[in-house]
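Q: A structural model of the following input is requested.
(2 chains)
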There are 2 protein chains.
Amino acid sequence: MINKNYQKLQGSYLFSETAKRTAAFAQAHPDRSLIRLGIGDVTLPLVPAVQEAMHRAVDEMGKAETFRGYAPEQGYEFLREVIAEKDYRDRGCQIDGDEIFISDGAKCDCGNTQELFSQEVRIAVCDPVYPVYLDTNVMAGRTGDFCRESGRYGDVTYMPCTLENGFLPEIPEKMPELVYLCFPNNPTGSAIRKEELQKWVDAANKSGSVLLYDAAYEAYITEDGIPHSIYECDGARTCAIEFRSFSKNAGFTGVRLGFTVVPSELVRDGVSLRDLWFRRQGTKYNGTPYIVQRAGQAVYAPDGQKQIREQIGYYMKNAAVIREGLLSCGYQASGGVNSPYIWLKTPNGMTSWQFFDLLLEQAGVIGTPGSGFGPSGEGYFRLTAFGSHESTQEAVERIRRM
Amino acid sequence: MINKNYQKLQGSYLFSETAKRTAAFAQAHPDRSLIRLGIGDVTLPLVPAVQEAMHRAVDEMGKAETFRGYAPEQGYEFLREVIAEKDYRDRGCQIDGDEIFISDGAKCDCGNTQELFSQEVRIAVCDPVYPVYLDTNVMAGRTGDFCRESGRYGDVTYMPCTLENGFLPEIPEKMPELVYLCFPNNPTGSAIRKEELQKWVDAANKSGSVLLYDAAYEAYITEDGIPHSIYECDGARTCAIEFRSFSKNAGFTGVRLGFTVVPSELVRDGVSLRDLWFRRQGTKYNGTPYIVQRAGQAVYAPDGQKQIREQIGYYMKNAAVIREGLLSCGYQASGGVNSPYIWLKTPNGMTSWQFFDLLLEQAGVIGTPGSGFGPSGEGYFRLTAFGSHESTQEAVERIRRM
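A: Numbering: from 1, shown residues only, chains lettered A, B, ... in the order given. As a prediction, the model looks like this:
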């Protein structure tokens, strides 16, 4: 009677195993100081503009005249409209507030979108990949069994992203119905240029595929020519759903806020996917907390913008320190320019886990083995920019001395 | 390529149609004052203890030393432990903090739990019923088509709850694998005595069914002998999942907090449902906001308890006014003693919608037609206790004069 697809899932091995090895090392070497550059969680506190908005909203919720009960399931208009304006229309993307769905984070939205599609559709994912895209489809029965030898589930199109192709997936010859893309990418930190993304949009419009575009890291883009939204590409309104997050740009990992864009022109089998998502959210979701939506609105005000840009600048300074430090020591490292992740090739053909142990033992630095994100991540390693300046500098110095 | 099961769903007709008729009436009669007793949303503001906890939590999130990023996916221990103690162990239920999963509300949890089960299981629901149990199973493909004549989906066991059986469902001769129960009930306002609930637990343990027990309204129970939790029954740990909400007891409809209890002894096909739910939440959910979890903790402190008991008392005074007013006018009315909902039989064989129009036109009072909750709700009508004392009194006076 249970959903047997859950039994296909592989143990959530990656972070539990890194935690286990780290704990064992710490116990054996209580004198060694450890620097954690493995996590994808932020460390800087909420900015003042956000704190003030939340205090005000709590006060409103404490008075009968300004109390708010159930929120509109799609989100308050005050937030949807400012997003449509600042994140989209100001960049030349025609997105309406009615096409934006406020949620408690991109993880939930990325995980839930597959419900709109039949169990028979095939998915394509990058390899390495953020596990949520894949696991939620496994749970829904949309994949075959896991093959230990290949490290892959059956009936899934894997798109390898390696040094050889500059960490950019190749467009499959036969496009599956659903294609998950994430740029700037987690875990590789790579970005995609607009003309390259345009090719995906064109291919999807040709094949009738839907692109599920995760833009959670767009705030870290520093270079020109890198699209912040897939809707910067012509024709994306008829083939793409976009996910956005406040987690990394405004430090909301513990506040929980994100949104999904489903353009009204996105229609499959004669059905509007916007309407399907509206129905899904109306039935299974009960709205994002009022206080959190006010916090999100504050991010778009001038002081909020200034403050979060400073936070992102802080993290990106760390990213530059790691990236340049690694390059100057002779590592092959990428990412860290348009994203907070640095992706390095392990030296001397070491496996990702061998390098994890080496880095832990010789430098006391904790990162994340690339193989944990998929078989094509083997031989790579992820470091993140979310530490403090001091610990990040120190980590790079220790790696230099290895 | 889309999920065709969505097309089986009936339009979310109920509240849009009541809103439409109300708007048309208001436009035609701009001089008439309307009293809304249709909604299930609270109106009193957050209590001081909760406001203070939220302000403190916002301040913590604004300082690097006390900032919190990603929450544990199951919820913070400080909240899970106080729930296990106050809601369960203090009532003699052996529930551990590890069996509690904090979420953003009972609606999501009620809607998502079905994912743990195979597509082939059969469900049973009360009729009338809170639509989420049914609709989420329709969307998952676990039902047949909707039959307009019967008002029912195929392949679902409906359990009528009417005046004749005291609004208590009968245990099906052949128990389906999944049985949704909600006590105190929305929409009928009826409660179940412990010895009656024990029969369901015994039947489920005998058949191997799982009871999905929605206890969102337990805080409104005023009579002895009515269980606040299904775990007050012997053997419930091997057959029941329980859903709880902070929406109605602490006015959190716009704050979003709930939890689900999955006992470790609940095992089907050799698999722990607690572990399955843990995996589901870990993959698809990213934790409830820290600020909201601190707000929930404050509900259990002595001042929080005192303040929310006063709010519930306020609403229950309304419930008594409606119930007693209706009874004294000769209506057949139930509920309102252990729940904030009053359920009345429409007079003279009127349909639910005929009575809606009558009440609107003659009294300017807006309620909810019972037929909107299922075919066995035809000829019934729901009024809610979430208005102000003054408007509730006035509504009853107007009904008396009808």
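Q: Which strand residues bridge A:I100?
A: Beta-bridge pairing for A:I100 (DSSP bridges): A:V261.
Q: count of residues packed around it?
A: 24 (other CB atoms under 10 Å in any protein chain shown). C-beta: built from backbone N, CA, C; applies to glycine.
Q: Just give the nearest non-adjacent residue to the residue nearest the centre of chain A, would you?
A: With distances taken as CA atoms, centre = their mean, the residue of chain A nearest its centroid is A:A216 (4.6 Å). What sits nearest to A:A216 in space, not counting adjacent residues and going by CB to CB, 6 or more residues apart in numbering or on different chains, is A:S245, at 4.1 Å.
Q: residues contacting that neighbour?
A: A:105-106, A:216, A:252, A:257-258 (CB atoms under 8 Å, 6 or more residues apart in numbering or on different chains).
Q: I'd like the residues you listed laid out as TSV, including secondary structure and pLDDT.
A: Shown next, in TSV, are those (DSSP: H, G, I helix; E, B strand; the rest coil; pLDDT from 0 to 100):
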residue	secondary structure	pLDDT
A:G105	coil	97
A:A106	helix	96
A:A216	coil	97
A:F252	coil	98
A:L257	coil	98
A:G258	strand	98
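Q: Can you tell me which of these comes closest to chain B?
A: Checking the contacts of A:S245 against chain B with CB to the nearest CB, the nearest one is A:G105 at 4.9 Å.
Q: how close does the residue nearest to the closest one when sequence neighbours are not counted get to A:R152?
A: Nearest non-adjacent residue to A:G105, counting by CB to CB, 6+ apart: A:G258, 4.3 Å away. Separation of A:G258 from A:R152 (CB to CB, to the nearest Å) stands at 28 Å.
Q: if we can go back for a sec, from what I can see the residue nearest to the centre of chain A touches A:F243, true?
A: Yes. A:A216 is within contact range of A:F243, at 6.5 Å (criterion: CB atoms under 8 Å).
Q: What strand or helix carries A:Q305?
A: Here A:Q305 sits within helix A:302-328, counting by DSSP states H and E.
Q: Just checking, which helix or strand succeeds that helix along the chain?
A: Taking DSSP H and E, what comes next after helix A:302-328 is strand A:333-335.
Q: Follow the chain on from that following strand and name the next helix or strand.
A: With elements assigned by DSSP H and E, the helix or strand that comes after strand A:333-335 is strand A:341-345.
Q: Show which residues not belonging to that following strand make contact with it.
A: A:40, A:163, A:167, A:184-190, A:319, A:322-323, A:326, A:331-336, A:370, A:379-385.
Q: Just the mean pLDDT for that strand, thanks.
A: Strand A:341-345 shows a mean pLDDT of 98.
Q: So in that sheet, which strands flank it, and in what orientation?
A: Here strand A:341-345 has these sheet partners by DSSP bridges: strand A:333-335 (antiparallel), strand A:380-384 (antiparallel).
Q: Specify the beta-bridge partners of the residue nearest to A:A216.
A: Beta-bridge partners of A:S245, as defined by DSSP bridges: A:G258.
Q: State the pLDDT value of it.
A: pLDDT, A:S245: 98.
Q: Now do it against B:G270, distance only.
A: As judged by CB to CB, A:S245 and B:G270 stand 38 Å apart.
Q: Thank you, goodbye.
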